[in-house]
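1. Below are the sequence and a predicted model for it; my questions follow.
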Amino acid sequence: MAALLDVKNLGISFGGLRAVNAFNISVEKEELYGLIGPNGAGKTTVFNLLTGVYKPDSGKVLLDGEDITGKKTIDISKAGIARTFQNIRLFKQLSVLDNVKVGLHNKHHYSTIEGILRLPRYRSVEKEMDEKAMDLLKVFELEQVAQQLASNLPYGQQRKLEIARALATEPKLLLLDEPAAGMNPNETGELMDMIRFVREQFHMTVLLIEHDMKLVSGICEKLTVLNFGEVLSQGDTGTVLNDPQVITAYLGE
Amino acid sequence: MSFISYLINGLSLGSVYAIIALGYTMVYGIAKMLNFAHGDVIMIGAYVALLSMTQAGLSPLAAILIAVVVCTALGIVIERIAYKPLRNASSSLAVLITAIGVSYLLQNVALLLFGANAQSFQSVVKWGGLSLAGGSLKISGETVVTIIACIIIMIVLTFFVQKTKPGQAMRAVSEDKGAAQLMGINVNGTIALTFAIGSALAAVAGVLLCSSYPSLTPYTGAMPGIKAFVAAVFGGIGSIQGAFIGGLLLGIIEILGRAYISSQMADALVFAVLIIVLLVKPTGLLGKKIQEKV
């Protein structure tokens, strides 16, 4: 079976700095894959390259066989990559429901004129979007707070909402950028259950960046370790975490 | 009785300011830029409507429609050519200066095409208006139509931004362009739509303004444009309700000032209001508080 995400020789320079060099990764369908490494190793840069925020100056990105290298962010979103952010980037002045509905945008259509005149298609499409968004919110136990502003949610729920919003775009691949950042051990435990649940429920493939080794060793099946923009080690989680190179560079003795 | 008639005239002028201010405030809210060429789009809209009526002999309604279409297209083209390439410029000053440049460009193109002489505008309102209180209070048809148009526009726009998908996209883009894009929202399209709506409103404002004040020159749009900007800041820039309230209040202040204080000082009064608002409440009447993270 061909990999869902197949990245070959990806690289980008900022000025004289080679931020990411010769990056390879191959993520199978419904895999939970971890991307780890010291601060500044280029992990988030890889996410930005995959989602089209940065244009790579070398290499190739294939999603489900489709070449998406250097495409625009919006086209990559349509092709099926969704993400969350290290520092939560919800639409804080929008309601929880509306945040999810923004994610539904590309799959539902009516014209601006139909919207202004409130024609039947406007009503039916909006109703359908409301229902879909509520279904997603129910999955994440956020239906009670659907009408609240996103900024009023506690931190843990904001993280959940960001994942719900990303899933609303119906992605093939979900990128999570440090989902456990700022969480206590209890919350991290819940998050791990949730990521597993998302994978089961939505048959989702997940690539995540994380520093919390408990989470990484707990749920990731495979790992790639990045150091100074280059792949240091790659493979099954157990093997990688026992790799002496990884221990020296990242985990410490 | 004269006070009430001043008040109604103020509401009418304020309604025009409010419609123009909506264009400023939406563009600012979503594209985070001050489109100082907005006032001159009004002038273009008025010329297009006038020429459609006088040269092509069209009905007022058709003339308004043509003005709306032309201004919408103009707004999209200006955004595309002049502002879009600067969207990621390091300094937001670049796009501000460009907007001022576009403003002068439009004025001078109009000067070239239509000449410097003031043209008298035919009112699009053929209705004589109301006569109340035994004839002592007369309200012109233009006044009534302007106020009603403003209220309808305000309601439709609020609904559009709050309840529709493109409106939702606008609010999302307004908060975080990057995240919106990653969620599959067409940011360029959304910003273009904002300019289109703002410019369509400018055309309506231009026709209504010149129906009440029927002298049209290439500089007609400049002053109302600046005053509507004051109205938008007064009400809280970025807020649709703020533009509405700011516009109405500013129109009333201007007309009452002209009537009771001094007609020469009325403009100065408007800008004095701006200064006071900025000193007392920098975010405007309905402006959002800016939260600073420590």
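-> Cool, got the structure.

2. Give me the contacts around stretch B:143-156.
-> A:116, B:8-9, B:11-12, B:15-16, B:18-19, B:22, B:125, B:127, B:129-130, B:201, B:204, B:208, B:211-212, B:240-241, B:244, B:247 (C-beta atoms under 8 Å, 6 or more residues apart in numbering or on different chains). Every C-beta, even on glycine, is put in place using the N, C-alpha and C of the backbone.

3. do stretch A:15-28 as well
-> Applying C-beta under 8 Å, 6+ apart, the contact partners of stretch A:15-28 are A:1, A:3-13, A:33, A:35, A:42, A:45-46, A:49, A:56, A:59, A:173, A:205, A:207, A:222, A:224, A:226, A:229-231, A:234.

4. Pull out the buried members of the contacts of stretch B:143-156.
-> Among the contacts of stretch B:143-156, those that count as buried by neighbour count (16 or more other C-beta atoms under 10 Å in any protein chain shown) are A:116, B:8-9, B:11-12, B:15-16, B:18-19, B:22, B:125, B:201, B:204, B:208, B:211-212, B:240, B:244, B:247.

5. sorry, back to before: Produce a ChimeraX select command limited to the buried residues of the contacts of stretch A:15-28.
-> Entered in ChimeraX, the line below selects the buried ones among the contacts of stretch A:15-28, by 16+ other C-beta under 10 Å:
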select /A:3,4,5,6,7,10,11,12,33,35,42,45,46,49,56,59,173,205,207,222,224,226,229,230,231,234
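
6. Mind checking which of the buried ones among the contacts of stretch B:143-156 are in helices?
-> Counting by DSSP state H, these place A:116, B:8-9, B:11-12, B:15-16, B:18-19, B:22, B:201, B:204, B:208, B:211-212, B:240, B:244, B:247 in helices.

7. where in chain A is pLDDT low?
-> Within chain A, the ranges that satisfy pLDDT under 70 run A:1, A:253.

8. Looking at it, which helix is longest?
-> Chain A, longest helix under DSSP H: helix A:120-139.

9. buried set for it?
-> Buried positions in helix A:120-139, judged by neighbour count with 16+ other C-beta under 10 Å: A:122, A:125-126, A:129, A:132-134, A:136-137, A:139.

10. After that helix, heading C-terminal, what element do we hit next?
-> helix A:155-168 (DSSP states H and E).

11. Can you give me the end-to-end span of stretch B:123-136?
-> With C-alpha to C-alpha, to the nearest Å applied, stretch B:123-136 spans 23 Å between its terminal residues.

12. which parts of it are buried?
-> Buried residues in stretch B:123-136 (16+ other C-beta under 10 Å): B:123-125.

13. what do you get for stretch A:234-250?
-> In stretch A:234-250, counting by 16+ other C-beta under 10 Å, buried: A:234, A:237, A:240-241, A:243, A:246, A:249-250.

14. quick one: contacts of the helix or strand that A:N9 is a member of?
-> Per DSSP H and E: A:N9 is located in strand A:5-14. Contact with strand A:5-14 is made by A:18-27, A:45-46, A:49-50, A:54-63, A:173, A:205, A:207, as judged by C-beta under 8 Å, 6+ apart.

15. which residues in the stretch 151-294 of chain B form helices?
-> B:165-175, B:177-182, B:187-212, B:222-235, B:240-260, B:266-280 (DSSP state H, counting those that start in this stretch).

16. got a markdown table for the ones you listed, with mean pLDDT too?
-> A markdown table is the format used below for the helices of the stretch 151-294 of chain B (pLDDT from 0 to 100):
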| stretch | mean pLDDT |
| --- | --- |
| helix B:165-175 | 92 |
| helix B:177-182 | 90 |
| helix B:187-212 | 94 |
| helix B:222-235 | 92 |
| helix B:240-260 | 93 |
| helix B:266-280 | 88 |
